[in-house]
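**Student:** Give me coordinates for this.
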Amino acid sequence: MGHDRTGIVVFPSPAPTRRGTVASMTATAQPDPDLPAPPEGDHPAVRGVALLTRFALELALFAGASWGAFAASSHHWWQWPAAILAPAAVVVAWGAWLSPRARHRPPEPTPVLIEAALFGAVGALLWGLGHPVLGAVLAGGWLVDRVVLAAVRR
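**Tutor:** Now for the predicted structure:
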């Protein structure tokens, strides 16, 4: 709050809000023309669900790698080590190149190709072990989630 040159009390204007929210509506319930329109593809709920789905798919990738390695090496002495080392290798690759905090994140589109290779390989492994639905859901779910995330990305 302050005074202008004539001594009239001047109140600061409120911070601008996003168009379409209650605070950005005029008295006639129309969007305020002075506020910028929200960017295209700004869907926080859809983005949140897609990111949650992505996290679930990552966990399914690790579990699928473990289970696939265990089943593929059945009746061998390396069955348990394979079940431990396969998801560990996926976790290391994910952390090194695909994590948002990765120190050596490669330029686009390399991370997408690495993800496609990981999800495709584990999906194919599950398919080859006699579980085509699990393999297709894992690889297809990743593909659909990537498309949704690309559509709602800012």
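**Student:** List the buried residues of stretch 63-79.
**Tutor:** Neighbour counts over stretch 63-79 (16 or more other CB atoms under 10 Å) mark 64-71, 73 as buried. From N, CA and C alone the C-beta is placed, and that goes for glycine too.
**Student:** If you could redo that for stretch 89-109, that was the one I meant.
**Tutor:** Across stretch 89-109, burial judged by 16+ other CB under 10 Å covers 90, 94, 97-98.
**Student:** From these, pick the one nearest residue 58.
**Tutor:** residue 94 (7.1 Å; CB to CB).
**Student:** give me every residue that touches that closest one.
**Tutor:** If you count contacts by CB atoms under 8 Å, 6 or more residues apart in numbering, residue 94 has them with 58, 118.
**Student:** longest helix in the chain, by residue count?
**Tutor:** helix 44-72 (DSSP state H).
**Student:** Now do it: which elements does it pack against?
**Tutor:** Helix 44-72 is packed against helix 79-93, helix 110-128, helix 132-152, with contacts defined by 3 or more CB pairs under 8 Å, 6 or more residues apart in numbering; DSSP states H and E.
**Student:** hmm, who's touching the last one?
**Tutor:** Contacts to helix 132-152, defined as CB under 8 Å, 6+ apart, come from residues 41-43, 46-47, 50-51, 53-54, 57, 60-61, 64, 112, 115-116, 119-120, 122-128.
**Student:** try 7 Å
**Tutor:** Helix 132-152 is contacted from outside by 41, 43, 46-47, 50, 53-54, 57, 60-61, 64, 115, 119-120, 122-124, 126-127, using CB atoms under 7 Å, 6 or more residues apart in numbering.
**Student:** try the second one
**Tutor:** Helix 110-128 is contacted by residues 61, 64-65, 68, 72, 90, 93, 97-98, 105, 134-136, 138-139, 142 when judged by CB under 7 Å, 6+ apart.
**Student:** For those residues, name the two members farthest from one another.
**Tutor:** 72 and 105 (30.5 Å).
**Student:** For stretch 70-82, what is the distance to the chain centroid?
**Tutor:** 32 Å (CA atoms, centre = their mean, to the nearest Å).
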